[in-house]
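K.L.:
what's the 3D shape of this:
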Amino acid sequence: MAFLSSFFATKQIIRRSFTTESSTPKGFLAVYVGEHLEKKRFLVPVYYLKKPSFQALLRKAEEEFGFDHPTGGLSLPCDEAFFFTVTSQIS
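P.N.:
All right, here's what the predicted structure looks like:
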């Protein structure tokens with residue numbers, strides 16, 4: 001039951017963006033998650049940058065892509081399920 005409540009809370013915080021790249025609201029960061037051709041854009045609160053679990057994803061992105069992200073934005077090298085698992089644990 002706790003999993004479901006944290007999952008729904010995460011879905012409220014993380015917003016999937018169906019709009020243009022330039023419409024990232026203040027206080028949010030756009031990230032790309034998924035496989036090469038199946039990447040989806042998500043908006044996450046900037047306070048996630050201070051969280052150790054999210055920082056681990058950023059380190060993996062640096063190791064895999066360096067500072068040359070193929071989508072032009074910040075790509076995280078994980079699938080959506082893992083991304084939701086990590087972000088659902090951030091409070």
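
K.L.:
ok, Gly73 - contacts?
P.N.:
The neighbours of Gly73, taking C-beta atoms under 8 Å, 6 or more residues apart in numbering as the test, are 21, 30-32, 41. Any C-beta I mention is one placed from the backbone N, CA and C, and that applies to glycine too.

K.L.:
which among the residues you listed gets closest to Thr87?
P.N.:
Val31 (9.9 Å; C-beta to C-beta).

K.L.:
which secondary structure elements does the helix ranked longest in the chain contact?
P.N.:
Ranked by residue count and defined by DSSP state H, the top helix of the chain is helix 52-65. If you count contacts as 3 or more C-beta pairs under 8 Å, 6 or more residues apart in numbering; DSSP states H and E, helix 52-65 packs onto strand 74-76, helix 80-88.

K.L.:
surely Arg41 is within a helix?
P.N.:
No - the assignment for Arg41, made by DSSP: H, G, I helix; E, B strand; the rest coil, is strand rather than a helix.

K.L.:
how about the contacts made by the residue nearest to the spatial centre of the chain?
P.N.:
Taking C-alpha atoms, centre = their mean, the centroid of the chain lies closest to Val31, which sits 4.8 Å from it. For Val31, the contacting residues are 41-44, 73-76, by C-beta under 8 Å, 6+ apart.

K.L.:
secondary structure element holding it?
P.N.:
Per DSSP states H and E, Val31 falls inside strand 28-33.

K.L.:
tell me the average confidence for that strand?
P.N.:
What strand 28-33 shows for mean pLDDT is 91.

K.L.:
adjacent strands (with direction) for it?
P.N.:
When pairs are called by DSSP bridges, strand 28-33 turns out to pair with strand 40-45 (antiparallel), strand 74-76 (parallel).
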